[in-house]
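Asks: Next one to model:
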Amino acid sequence: YSTVIDLRTKSEDRGMDEEAIAVELGMEYIALPIGRNDITFENAKTLGEIIEVIDGPILLHCGSSNRVGALLALGKSLAGADNDTALQYGQENGLTSLEGLVRKILDAEND
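Replies: Predicted coordinates for the structure are as follows:
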């Protein structure tokens, strides 16, 4: 990997100094703290913009990939996907318990 993008908030235990380890291994480390209330189109756009300029493989994670999938689903919607396709993409990338929230956000966008 060339870059680690960590969506965990400051209060989440990492069990290690992930940033120091990533840097020591020659990777870039980007902290983009995303809590449940931060699942928004704006943050999905921000994540997409970060991913777009990275050259090389990315390790994108949170605690369980649920937030990863949520933001990727919203990003897929921003790229023009219909709600079902966006949700499926999110599920393929870890979206689980946040699906209801993501569905609500997607439905509100299309009203």
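
Asks: use CA for all of it now, contacts and neighbours both
Replies: Fine.

Asks: and the closest residue to Asn66 other than its chain neighbours, what is it in contact with?
Replies: Leaving aside its chain neighbours, Asn66 sits nearest to Leu95 (4.3 Å; criterion: C-alpha to C-alpha, 6 or more residues apart in numbering). Leu95 makes contact with 65-70, according to C-alpha atoms under 8 Å, 6 or more residues apart in numbering.

Asks: of all these, which comes closest to Lys104?
Replies: Lys104 lies nearest to Ala70 out of the contacts of Leu95, by C-alpha to C-alpha, at 11.6 Å.

Asks: Please, which helix or strand holds the closest one?
Replies: Applying DSSP states H and E as the criterion places Ala70 in helix 66-78.

Asks: Give me every residue in contact with the strand or helix carrying Ile5, excluding its own residues.
Replies: Per DSSP H and E: Ile5 is located in strand 3-6. Residues outside strand 3-6 that contact it (C-alpha under 8 Å, 6+ apart) are 22, 27-33, 54, 56-62.

Asks: Tell me the strands beside that strand, with direction?
Replies: strand 28-31 (parallel), strand 58-61 (parallel) (DSSP bridges).
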